[in-house]
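> whatever this is, show me its structure:
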Amino acid sequence: MGGNKTSVTDFILLGFPLGSRIQMFLFGLFSLFYAFTLLGNGVILGLISLDSRLHTPMYFFLSHLAVVDIAYACNTVPQMLVNLLNPAKPISFAGCMTQTFLFLAFAHTECLLLVVMSYDRYVAICHPLRYSAIVSWRVCITLAGTSWACGSLLALVHVSLILRLPFCGPHEINHFFCEILSVLKLACADTWLNQVVIFAASVFILVGPLCLVLVSYSRILVAILRIRSGEGRRKAFSTCSSHLCVVGLFFGSAIVMYMAPTSRHPEEQQKILFLFYSFVNPMLNPLIYSLRNTEVKSALRRALCKESHSQLV
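Presented below is the predicted three-dimensional model:
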């Protein structure tokens with residue numbers, strides 16, 4: 001390290017280097033998507049908290065997933081919207097590290113929550129008579145708390161390893177938020193340890209949980225095929241297919257980004273993948289659960305009917 005190199009105190013997020021008209025169009029489009037994400041997940045949270053029929057372990061975990069989705073959007077989208085209006089506006093080093101930590105914490109937590117939700121569905125369908133004993137409220141709170149704690153701890157490990165690195169310039173991050181791989185490219189030292197930890201964490205937090213989810217749903221599928229009642233089989237497929245859609249969207253995009261060779265995905269293509277992973281997924285989750293889940297739709301109808309009745313009175 002030369003003595004003439006100065007420490008970086010802020011970063012410039014390059015975002016999407018497009019024309020001003022296209023950036024204004026994207027600002028309006030992403031603002032609409034952002035509002036829809038907050039509204040959709042907010043409605044899910046409101047229905048679960050207000051409707052006593054949804055006070056079950058399945059919807060308890062779904063409420064945590066909605067919180068994670070709202071947090072995802074609030075962590076990355078506002079900064080992206082600011083950059084679309086003012087591409088030269090910097091983000092402080094501390095702010096960048098905070099954004100990286102929160103993104104990783106929410107990502108890890110969502111991975112673990114999806115595994116917990118698959119376990120909940122496995123017990124509900126394969127061991128229905130013992131469901132209330134196995135998935136008690138104490139177990140639910142423990143599993144949810146463990147998911148948040150492990151997600152935050154893993155994120156803290158990644159950020160701690162970044163903070164040990166020197167950043168001497170350049171200070172332009174070719175991304176729309178402080179994504180860990182893009183930040184590491186600006187370090188003035190060897191990042192092999194960071195890369196190894198990222199790959200190991202990806203195996204632990206992506207491949208491992210995905211295998212557990214697939215094992216759970218393979219056993220669930222066998223149990224569903226044994227159900228004699230057509231209505232019972234349809235209801236089981238409905239609740240599980242919603243979860244599988246979310247699992248496929250989340251794990252598919254995450255594995256492509258963090259485990260596929262980077263040479264196969266140019267930086268601009270990676271931005272689109274991250275946009276889908278950190279922005280589109282949280283917007284689609286409430287849509288998937290509300291459209292494919294009869295209990296959520298029934299709760300929404302009851303809430304709307306109650307609201308219209310109160311206005312008439």
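> isn't residue 61 right up against residue 144?
Yes. Because the distance of 6.7 Å satisfies CB atoms under 8 Å, residue 61 is recorded as touching residue 144. Glycine gets a C-beta too; all of them are placed from N, C-alpha and C.
> so the two - more neighbours on which side?
residue 61 (24 against 20; other CB atoms under 10 Å).
> and the more buried one, how far is that from residue 243?
Noted for residue 61: a distance of 10 Å to residue 243, by CB to CB, to the nearest Å.
> need the overlap of contacts for these two.
residue 117 (CB atoms under 8 Å, 6 or more residues apart in numbering).
> which neighbours do residue 61 and residue 144 share?
Joint contacts of residue 61 and residue 144 (CB under 8 Å, 6+ apart) are 113, 116.
> beyond the longest helix anywhere in the chain, next helix or strand please.
Selection of the longest helix in the chain by residue count, based on DSSP state H, yields helix 93-126. For helix 93-126, the following helix or strand on the C-terminal side (DSSP states H and E) is helix 131-134.
> report the inter-axis angle for the helix or strand that comes right after that following helix versus helix 93-126.
Under the assignment DSSP H and E, the closest C-terminal helix or strand after helix 131-134 is helix 137-163. Going by axes from the mean of the first three to the mean of the last three CA atoms, to 10 degrees, helix 137-163 is angled at 150 degrees with respect to helix 93-126.
> give the buried residues for helix 137-163.
Of the residues in helix 137-163, 139-140, 143-144, 147-148, 150-152, 154-155, 158-159, 161-162 count as buried by neighbour count, 16 or more other CB atoms under 10 Å.
> before we move on, what about stretch 198-210?
Within stretch 198-210, judged by 16+ other CB under 10 Å, the buried ones are 198, 201-202, 205-206, 209-210.
> so where is the stretch 1-150 of the chain shaky, pLDDT-wise?
Along the stretch 1-150 of the chain, segments meeting pLDDT under 70 span 1-6.
> now the helices for the protein?
Applying DSSP H to the chain gives helices spanning 20-50, 57-85, 93-126, 131-134, 137-163, 180-184, 192-202, 208-226, 230-259, 267-275, 281-292, 294-312.
> mind putting the ones you listed into a markdown table with distance to residue 174?
As requested, the helices of the chain are exported to a markdown table (distance: least, CB to CB, whole Å):
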| stretch | distance to residue 174 |
| --- | --- |
| helix 20-50 | 16 |
| helix 57-85 | 12 |
| helix 93-126 | 14 |
| helix 131-134 | 48 |
| helix 137-163 | 17 |
| helix 180-184 | 6 |
| helix 192-202 | 18 |
| helix 208-226 | 29 |
| helix 230-259 | 15 |
| helix 267-275 | 5 |
| helix 281-292 | 22 |
| helix 294-312 | 39 |
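> between the ones you listed, which one is closest to residue 13.
Closest to residue 13 of these is helix 57-85 (CB to CB; 5.2 Å).
> and the closest one, what does it pack against?
When contacts are defined as 3 or more CB pairs under 8 Å, 6 or more residues apart in numbering; DSSP states H and E, helix 57-85 packs onto strand 10-13, helix 20-50, helix 93-126, helix 137-163, helix 281-292.
> so the longest one versus helix 267-275, what angle?
Regarding helix 93-126 and helix 267-275, their directions subtend 50 degrees when assessed with the same axes, to 10 degrees.
> just the fourth one next, same as before
Helix 137-163 and helix 267-275 are oriented at 160 degrees to each other (the same axes, to 10 degrees).
> return the distance of helix 137-163 from the chain's centre.
14 Å (CA atoms, centre = their mean, to the nearest Å).
> same check, this time on the first one
From the chain centre to the centre of strand 10-13 is a distance of 24 Å (CA atoms, centre = their mean).
> wait, residue 126 sits on residue 223?
Yes. Between residue 126 and residue 223 there is a contact under CB under 8 Å: 4.6 Å.
> any idea how far residue 128 is from the closest residue to residue 54 other than its chain neighbours?
Ranked by CB to CB, 6 or more residues apart in numbering and with sequence neighbours excluded, the top spatial neighbour of residue 54 is residue 48, at 4.7 Å. Here residue 48 is placed at a distance of 22 Å from residue 128 (CB to CB).
> and the two? which has more neighbours close in?
residue 48 (20 against 12).
> got a list of what the more buried one touches?
Shown here is residue 48, whose contacts under the criterion CB under 8 Å, 6+ apart are 54-55, 59-60, 62-63, 66, 299.
> nearest to residue 26, of the residues you listed?
Nearest member of the contacts of residue 48 to residue 26, counting by CB to CB, is residue 66, at 25.4 Å.
> what sits against that closest one?
By CB under 8 Å, 6+ apart, the contact set of residue 66 is 41-42, 44-45, 48, 285-286.
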